[in-house]
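K.L.:
How does the following fold in three dimensions:
(2 chains)
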Amino acid sequence: MIINGVTIDETFAEAFPMKGTRLIITAMNAKWAMISAQAFTGFATSVIACGCEAAIEKVLDESETPDGRPGVSILIFAMGGKGLAKQVETRAGQCVLTSPTSALFSGLDNPEKEIALGQNLRYFGDGFQISKMIDGKRYWRIPVMDGEFLTQEKTGVQDSVGGGNFLVLAESQAQALAACEAAIEEMRKIPNVIMPFPGGVVRSGSKVGSKFKALNASTNDAFCPTLKGQTKSELSPEVESVMEIVIDGLTKEDIDKAMRVGIQAVCDLGAANGIRRISAGNYGGKLGPFHFHLQEIMA
Amino acid sequence: MSTLIFTLKTSPVQRVDCSPLTPELLTDKSLADIAAIELVTGNSTARVDSLFDMSGDDTADIKFANSTDKLDFVGRNMTSGKISIAGNVGAYLGLFLEGGQIEVTGNTGIYTACEMKSGQIKVNGNVGDFLGGARPGYKNGMTGGTVIVTGNTGARTGDHMRRGTILIEGNAGDYCAARMISGTIAVLGDVGTHLGYGMKRGTVLLTQAPTKGIPANFNDNGPHTLAFLALLFKSFTKLDSQFAKTAAFSRVQRYTGDLGGIGMGEILIKI
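P.N.:
Predicted structure coming up:
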């Protein structure tokens, strides 16, 4: 398949099941909601070492938040419910509770499966915390030095998908980055997905395993342009830079949509802008049950 | 299906226990079966059809017409459906209510919404003492649901109240929120003396300072902007109440007490 001079490889991205939730952070103004959200989602690019994958989903205006203040919605994913609960609690405690004027709410209702949000943070109130049941949901008011920190007691969890991806193969580093930026801009318009790496883009895609025993992942040498002559390379002579976009989503369909608009944005730049190929990372189908076939997505 | 209507023939001499006449207890019963139900009145019993004229067949939608304050325990243990009451009603309206809706066009007696667990009661009139309270000797009053009163309430509103919301569009009597454990009482009018006497936790939300003042056993915590009030007012917008039309505010003067006890209750007054 070739779109606008860009070859779409006959391959698939391999993704795996995760547990995910959506949180909403609000603050006195959009600036402080964003600061709090950025702190919460810091160091959350990959479960390999961060324990979770998290990023900002979208900016919310006053009409879209529970308390009528500016806000930001966040998606956070982990390999299991317990891991997710731990990450949510520690990040909420250190990054949102501490952030001036912030409040924290669940953005995902799932009464059948919930994890603690403010349920344990309340103890920071040292006995002065106050519980409020409003519309069947419990909130905690925790006295803090700038007033009160308001947080919902629990947030819903749902089965999600992590590790959707595609690779952009370009003639230069600048062209690969420009294409990825264009893709990310379009993909951020799709709800229920995040691209957790810095700016949404990964320049150090990995393969499973390493020659060093301590590591369970290492550089994807087949796609490293400087190793074309040293390893079994996947790259043609014209390709000088490869970048990856990783997508986590609440459902497989959400990732499908995000991949489609992202790849389309890259293809719109086309061969005229140095884009040669779109490929994807997989592990022969052994890593995860979710397979995103590039040509099917773009058909 | 049409509303099942119990029209009171004449005001009874003795009080009548109407607790058998709830949607779940009448489900699958024919009109003849319902007519034969014996209601306790005074020290004897009386058939339903000796007290009421009956019409309609929808047991999930019950109406008491021509009601008087002699009808007690209406909606006791009700879990679903609707009961509407045209006129006044007696004591213990909605005792142990677990779901569904009760609406009254007149006044209600003492212990309305006593130990109510869920659901909604709306009284388009005045309510007697111990609204949302616990039965004498019991320690937990209302534990959930919403009560809306368009008129005034008697003394000890929310006595021992543990959870839930009481919205009073008129005035609340003396000892409002006395011995309150938790929950929310909001009053658009005035409140009587001894507000929050023995109050442990919970919130009393007032749109104006009480004319009789804040009790001495409450301390002033100063003016604050409280984020949860935005959520609270948002939840009110779904209700058929003046509270739905009240402009939301989050700036309040906060008092905490009763300092004779644990002092975790709060009185919030709009500023």
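K.L.:
now stretch A:125-136, how far from the chain's geometric center?
P.N.:
Relative to the centre of its chain, stretch A:125-136 is centred 31 Å away, using Cα atoms, centre = their mean, to the nearest Å.
K.L.:
what pLDDT, on average, does it get?
P.N.:
Average pLDDT, stretch A:125-136: 95.
K.L.:
how about the strands in the stretch 101-250 of chain B?
P.N.:
Assignment of strands within the stretch 101-250 of chain B using DSSP state E, counting those that start in this stretch yields the ranges B:101-104, B:120-123, B:143-149, B:163-168, B:184-187, B:203-206, B:218-225.
K.L.:
for the stretch 1-150 of chain A, that is, sorry about that
P.N.:
For the stretch 1-150 of chain A, applying DSSP E, counting those that start in this stretch gives strands covering A:2-3, A:6-8, A:12-26, A:53-60, A:71-78, A:103-106, A:114-116, A:130-134, A:137-144, A:147-152.
K.L.:
got the contact list for B:I110?
P.N.:
With contact taken as Cβ atoms under 8 Å, 6 or more residues apart in numbering or on different chains, B:I110 is in contact with B:A91, B:Y92, B:G128, B:D129, B:F130, B:G154. Glycine gets a C-beta too; all of them are placed from N, C-alpha and C.
K.L.:
Among the strands of the stretch 1-150 of chain A, which comes closest to B:G144?
P.N.:
Each of the strands of the stretch 1-150 of chain A was checked against B:G144 via Cβ to Cβ, and the shortest separation belongs to strand A:130-134, namely 7.6 Å.
K.L.:
what's the angle from the closest one to strand B:163-168?
P.N.:
For strand A:130-134 and strand B:163-168, the angle between their directions (axes from the mean of the first three to the mean of the last three Cα atoms, to 10 degrees) works out to 70 degrees.
K.L.:
Got the confidence number for A:T41?
P.N.:
According to the model, A:T41 scores 98 on pLDDT.
K.L.:
Check the one 3 residues further on too.
P.N.:
The predicted structure scores A:A44 at 97 on the pLDDT scale.
K.L.:
how close does the residue nearest to it when sequence neighbours are not counted sit to A:S160?
P.N.:
In this structure, A:A44 finds its nearest non-sequential neighbour in A:A54, 3.7 Å apart by Cβ to Cβ, 6 or more residues apart in numbering or on different chains. Here the distance between A:A54 and A:S160 works out to 12 Å (Cβ to Cβ, to the nearest Å).
K.L.:
okay, and the common contacts of the two?
P.N.:
Once Cβ under 8 Å, 6+ apart is applied, the residues that A:A54 and A:S160 both contact turn out to be A:F77.
K.L.:
Give me the more crowded residue out of those two.
P.N.:
When A:A54 and A:S160 are compared for neighbours, A:A54 comes out ahead with 29 against 26, by other Cβ atoms under 10 Å in any protein chain shown.
K.L.:
tell me the contacts of the more buried one?
P.N.:
With contact taken as Cβ under 8 Å, 6+ apart, A:A54 is in contact with A:F40, A:T41, A:A44, A:I74, A:L75, A:I76, A:F77, A:Q87, A:R91, A:I194, A:P196.
K.L.:
Among these, which one has the most neighbours?
P.N.:
Counting neighbours by other Cβ under 10 Å, A:I194 leads the contacts of A:A54 with 31 neighbours.
K.L.:
can you list the residues of the stretch 101-250 of chain A near chain B?
P.N.:
Contact residues, the stretch 101-250 of chain A versus chain B (Cβ under 8 Å from any Cβ of the partner chain): A:103, A:128, A:130-135, A:139, A:141, A:147-148, A:150.
K.L.:
out of these, which are buried?
P.N.:
Judged by neighbour count, with 16 or more other Cβ atoms under 10 Å in any protein chain shown as the criterion, the buried members of those are A:A103, A:I130, A:K132, A:M133, A:I134, A:Y139, A:R141, A:E148, A:L150.
K.L.:
Identify the residues contacting residue 9.
P.N.:
Picked chain A for this. Residues touching A:D9, when contacts are defined by Cβ under 8 Å, 6+ apart, comprise A:R277, A:I278, A:S279, A:A280, A:L294.
K.L.:
Chain B, not that one
P.N.:
For B:K9, the contacting residues are B:L51, B:F52, B:D53, taking Cβ under 8 Å, 6+ apart as the criterion.
K.L.:
same check, this time on A:L60
P.N.:
The neighbourhood of A:L60, defined by Cβ under 8 Å, 6+ apart, consists of A:I24, A:T26, A:P70, A:G71, A:V72, A:S73.
K.L.:
Can you spell out which residues form a bridge with it?
P.N.:
According to DSSP bridges, the residues that bridge with A:L60 are A:G71.
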